[in-house]
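*Asks:* When you get a sec, could you give me coordinates for this:
(one chain, ligands or ions: 3)
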Amino acid sequence: RYQGIETGVGNTHYSGQVSLTTAQSGSSYTLTDNTRGGHKTYNLNHGSSGTGTLFSQSSDTWGDGTNSNAATAGADAAYGAQETWDFYKNTFGRSGIKNDGVGAYSRTHYGNSYVNAFWDDSCFCMTYGDGSGNNDPLTSLDVAGHEMTHGVTSNTAGLNYSGESGGLNEATSDIFGTGVEFYANNSSDPGDYLIGEKININGDGTPLRYMDKPSKDGGSADSWYSGVGNLDVHYSSGPANHMFYLLSEGSGTKVINGVTYNSPTSDGVAVTGIGRAAALQIWYKALTSYMTSSTNYAAARTAALNAAAALYGTNSAQYAGVGNAFAGINVGS
Ligand code: ASN
Ligand code: ZN
Ligand code: CA
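*Replies:* Numbering: from 1, shown residues only. Ligands and ions are numbered 1, 2, ... in the order given. Below you'll find the predicted structure:
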């Protein structure tokens with residue numbers, strides 16, 4: 001058999017026990033995924049430059065679910081990269097971040113008590129900190145999908161990371177990060193419209209962001225207004241996250257995978273959802289066919305309407321749904 005493709009076991013911190021594609025190298029195994037563009041997962045061992053070392057061991061079982069085992073975060077990161085690859089491939093036919101079949105690489109255990117994770121276009125790589133006290137690594141599925149989506153955005157629309165386009169860039173990462181989480185269908189980390197609900201980023205277990213009502217985070221806007229582009233991009237993302245929730249699920253109260261959402265509209269007019277699958281297709285086509293680096297909220301509405309028209313026609317419920325969801329965040333009417 002081909003020794004470059006093995007099936008290992010990951011005992012992750014956030015996603016329970018998962019299957020990981022690994023590779024054999026001599027008498028050891030490595031976190032190398034030759035079925036997904038050769039993605040590799042590294043251990044920076046608290047350094048902050050270079051690649052550190054490729055995760056490598058004699059057994060093909062990775063981590064034990066605890067943070068005292070360095071390979072646990074490796075297993076989460078490898079799983080996040082795997083599910084993100086599969087989400088893009090199987091949902092949109094996109095083969096990797098650049099759609100060229102080439103995998104990125106991931107670095108875990110960056111620095112000390114580093115409470116962030118980031119994509120870097122220049123290394124074409126993903127980096128994860130270990131969180132406060134090195135106790136809450138930022139390796140959950142939605143964070144992995146969020147960060148790698150920054151690579152997709154930068155290789156497609158190229159939305160500038162400031163002003164309204166910056167908010168749309170951030171929202172695109174939240175939207176497809178959430179898409180990854182639902183796609184993975186993992187019982188330890190089921191799909192939701194919350195961002196960072198697993199990583200204890202606020203120290204009290206609450207999520208970083210809420211797509212049904214973004215203002216629940218204390219900083220994000222629920223709807224567009226003329227100064228929204230002056231907010232930090234992680235707050236000006238709010239209206240687009242909210243639009244995506246409304247488009248997918250509709251306004252009002254709804255329980256999904258045990259989480260209760262209550263989504264308002266800016267004008268009080270109820271909105272009916274078209275389902276997450278269609279909403280994802282519309283946003284992906286808008287991003288990859290119609291948005292540019294300077295797209296603002298008004299132009300994002302036009303881009304999404306164009307995408308819905310191309311996919312479903314102008315007489316479709318999906319096309320009407322886009323108009324209604326944008327009206328619900330005070331864009332168009
Ligand atoms: N984790 C942050 C983000 O993806 C990193 C950054 O500031 N770009 O938004
Ligand atoms: Zn981001
Ligand atoms: Ca989530």
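*Asks:* For the stretch 201-333 of the chain, which residues are neighbours of ligand 1?
*Replies:* Counting by CB under 6 Å from any ligand atom, the positions of the stretch 201-333 of the chain adjacent to ligand 1 are residue 234. To be clear about C-beta, it is placed using only N, CA and C from the backbone, and glycine gets the same treatment.
*Asks:* OK, now which residue of the stretch 201-333 of the chain is nearest to ligand 1?
*Replies:* residue 234 (6.0 Å; CB to the nearest ligand atom).
*Asks:* check contacts around the residue in the chain that ligand 1 sits nearest to.
*Replies:* Of all residues in the chain, residue 118 sits closest to ligand 1, at 4.3 Å by CB to the nearest ligand atom. Taking CB atoms under 8 Å, 6 or more residues apart in numbering, we find residue 118 in contact with 126, 127, 147, 150.
*Asks:* and the host helix or strand of it, how far out from the chain's middle?
*Replies:* Using DSSP states H and E, residue 118 sits in strand 117-120. Centroid separation between strand 117-120 and its chain, computed with CA atoms, centre = their mean, to the nearest Å, is 12 Å.
*Asks:* If you count neighbours, what's buried in that strand?
*Replies:* Within strand 117-120, the residues scored as buried using 16 or more other CB atoms under 10 Å are 117, 119.
*Asks:* and whatever helix or strand comes next after that strand, what other elements does it pack with?
*Replies:* Going down the chain from strand 117-120, the next helix or strand is strand 125-129, by DSSP H and E. Using 3 or more CB pairs under 8 Å, 6 or more residues apart in numbering; DSSP states H and E as the contact test, the elements touching strand 125-129 are helix 70-92, strand 105-110, strand 117-120, helix 141-154.
*Asks:* Neighbouring strands - and their directions - for the third one?
*Replies:* This means strand 117-120. Using DSSP bridges, the strands paired with strand 117-120 are strand 125-129 (antiparallel).
*Asks:* and the strand it pairs with with helix 141-154, angle?
*Replies:* Orientation check (axes from the mean of the first three to the mean of the last three CA atoms, to 10 degrees): strand 125-129 against helix 141-154 gives 150 degrees.
*Asks:* my guess is residue 203 is in a helix, correct?
*Replies:* No. Under the criterion used here (DSSP: H, G, I helix; E, B strand; the rest coil), residue 203 is coil, not part of a helix.
*Asks:* Name all residues that make contact with it.
*Replies:* residue 132.
*Asks:* go on, residue 217?
*Replies:* So residue 217 contacts 207, 208, 209, 210, 235 (CB under 8 Å, 6+ apart).
*Asks:* Quick check: bridge partners of the residue of the chain closest to ligand 1?
*Replies:* Under the criterion used here (DSSP bridges), residue 118 is bridged to residue 127.
*Asks:* ok so, going back, redo the contacts of residue 118 as JSON lines? Include neighbour count and distance to ligand 1.
*Replies:* Putting the contacts of residue 118 into JSON lines (neighbours: other CB atoms under 10 Å; distance: CB to the nearest ligand atom, whole Å) gives the following:
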{"residue": "126", "neighbour count": "29", "distance to ligand 1": "10"}
{"residue": "127", "neighbour count": "24", "distance to ligand 1": "10"}
{"residue": "147", "neighbour count": "24", "distance to ligand 1": "5"}
{"residue": "150", "neighbour count": "23", "distance to ligand 1": "6"}
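*Asks:* Quick check: of those, which lies closest to ligand 3?
*Replies:* Of all the contacts of residue 118, residue 147 has the smallest distance to ligand 3: 13.3 Å, by CB to the ion.
*Asks:* I'd say that closest one and residue 121 touch.
*Replies:* No. Assessed by CB atoms under 8 Å, residue 147 is found out of contact with residue 121, at 11.5 Å.
*Asks:* any residues in contact with both of the two?
*Replies:* Counting by CB under 8 Å, 6+ apart, residue 147 and residue 121 have no common neighbour.
*Asks:* Name all residues that make contact with the residue of the stretch 201-333 of the chain closest to ligand 1.
*Replies:* Per CB under 8 Å, 6+ apart, neighbours of residue 234: 170, 209, 219, 220.
*Asks:* okay, those in TSV with distance to ligand 3 and neighbour count next?
*Replies:* Listed next are the contacts of residue 234 as TSV, based on distance: CB to the ion, whole Å; neighbours: other CB atoms under 10 Å:
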residue	distance to ligand 3	neighbour count
170	15	28
209	9	27
219	18	14
220	15	26
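*Asks:* rewinding a little: roughly how far out does the helix or strand hosting the residue of the stretch 201-333 of the chain closest to ligand 1 sit from the chain middle?
*Replies:* Residue 234 is part of helix 233-236 when elements are defined by DSSP H and E. A distance of 15 Å separates the C-alpha centroid of helix 233-236 from that of its chain, computed with CA atoms, centre = their mean.
*Asks:* Whether the helix or strand just after that helix contacts ligand 3 - can you check?
*Replies:* The helix or strand immediately downstream of helix 233-236 is helix 238-249, counting by DSSP H and E. No. Helix 238-249 stays clear of ligand 3 (CB under 5 Å from the ion), getting no nearer than 11.6 Å.
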